[in-house]
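Novice: Got a predicted structure plus its sequence, pasted below:
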Amino acid sequence: MELAFTKMQGCANDYIYLDCRKTGLPLQIAEWARQLSRRHFSVGADGIICICTPQSSTAHATMRMFNADGSEGKMCGNGIRCVAQWLHEHVPVLAGEKVLRVDTLSGLKTLHYKGNDCWQVEMGCYSTKAADLPAVNMGEGPLVKAPITVQGREYQASCISVGNPHCVVHCEDVPGLEIEKIGPAFEKHENFPEGVNTEFVQVVDETHLIMRVWERGSGETYACGTGTCATVAAMVEEGICQRETDVQVQLLGGVLTIRVCADGSVLMTGPAKTVYEGKAILPE
């Protein structure tokens, strides 16, 4: 069978986007994510994002995202910006809208168009409570600079939920980090029964950070929107960054701007680009 798709990327965090507004979520979506995400052997992506009909009365669409291993994630910061951009480009009545609302498994998200294919997302409030990640064996929280031993080394980790779980640790040389050796050990650590996304952050100054991410279900990606939000939130909790201040985070795929507001909510601003439209051939 032929499957029409749109390839999109936000800071090189690339997904295959499917229009499921009429068909509903495909029963085979987990297998499609595994098949089509294989780089060099198929389309290649960090996963598949399905654009479905809205679930709430004020939303314009629903986002369902599936990682390259077929597992489903609750939220994707780079992905939801691309969903908004897709709606701009493919739904004529929404082409001029400056504010779009998208349902996700972690709640309704509001996006504001900033021009030049750039969107700001209201990500909601973050949490440092163990139950919200979830995390075990680390106390109830707040999990800020909490000790965790990984591969025989103790780290001071700040654990942040922004609708999905993140573990943020400091690194003196992020570009030189052998992330493929340490990333899986964090992802599958016993303290995180549902797995965890891990961000390795190098502080340049209070408004500039360098970050790499190991995402559960996908491995290292060029960017992670929720992970970038979690990283800045962690730096605010640690007293390194300030609330109500824009923080630039350099990722492998580009720069995202994050602001932690006074009430603990987070704003993320970044690009969303269409790469190409195509058709994939799948076995019947």
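Specialist: Nice, I can see it.

Novice: any idea how far Ser57 is from Ala95?
Specialist: Using CB to CB, to the nearest Å, Ala95 is found at 22 Å from Ser57. For the C-beta atoms, the positions are set from N, CA and C on the backbone; glycine is no exception.

Novice: domain ranges for the chain?
Specialist: Using automatic domain parsing, the domain parsing of the chain gives 2-122+271-281, 127-263.

Novice: out of Ala95 and Ser57, which sits in the more crowded spot?
Specialist: More crowded of Ala95 and Ser57, by other CB atoms under 10 Å: Ala95, with 10 against 6.

Novice: Provide the secondary structure category for the closest residue to that one other than its chain neighbours.
Specialist: Using CB to CB, 6 or more residues apart in numbering and skipping the chain neighbours, the partner closest in space to Ala95 is His88 (5.7 Å). When classified by DSSP: H, G, I helix; E, B strand; the rest coil, His88 comes out as helix.

Novice: I'd assumed Tyr113 was in contact with His88.
Specialist: Yes. With contact defined as CB atoms under 8 Å, His88 reaches Tyr113; the gap is 7.3 Å.

Novice: Now for those two: what residues contact both?
Specialist: Glu97, Leu100 (CB atoms under 8 Å, 6 or more residues apart in numbering).

Novice: before we move on, back to that, now tabulate the domains of the chain in TSV and tack on mean pLDDT.
Specialist: Listed next are the domains of the chain as TSV, based on pLDDT from 0 to 100:
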stretch	mean pLDDT
domain 2-122+271-281	96
domain 127-263	97
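
Novice: Next one: the most centrally placed residue in the chain relative to Glu187, how far apart?
Specialist: By CA atoms, centre = their mean, the chain has its centre lying nearest to Cys76, at 3.4 Å. With distances taken as CB to CB, Cys76 is found 16 Å from Glu187.

Novice: mind listing the helices in the stretch 51-200 of the chain by residue range?
Specialist: In order along the chain, the stretch 51-200 of the chain carries the following helices (DSSP state H, counting those that start in this stretch): 77-90, 179-187.

Novice: which of the ones you listed sits most buried?
Specialist: Of all those, helix 77-90 carries the top mean neighbour count, a mean of 25, counting by mean count of other CB atoms under 10 Å.

Novice: So what's the gap between that helix and the chain middle?
Specialist: Distance, stretch centre to chain centre, for helix 77-90: 13 Å (CA atoms, centre = their mean, to the nearest Å).

Novice: Kindly report the same for stretch 144-154.
Specialist: 24 Å.

Novice: Would you indicate which residues of it are buried?
Specialist: Val144, Lys145, Ala146, Ile148, Val150 (16 or more other CB atoms under 10 Å).

Novice: now, which of these lie within strands?
Specialist: The strands, defined by DSSP state E, take in Ala146, Ile148, Val150 from those.

Novice: Now flag whichever of those is closest to Ile179.
Specialist: Val150 (12.6 Å; CB to CB).

Novice: Apart from its chain neighbours, what residue comes closest to the closest one?
Specialist: Leaving aside its chain neighbours, Val150 sits nearest to Ala185 (5.0 Å; criterion: CB to CB, 6+ apart).

Novice: so how far is Cys224 from the one you found?
Specialist: Counting by CB to CB, the gap from Ala185 to Cys224 is 18 Å.

Novice: what about the closest residue in space to Leu143 that isn't next to it in sequence, how many neighbours?
Specialist: With sequence-adjacent residues excluded and distances taken as CB to CB, 6+ apart, Leu143 is closest to Cys159, at 3.8 Å. Around Cys159 there are 30 other residues, counting by other CB under 10 Å.
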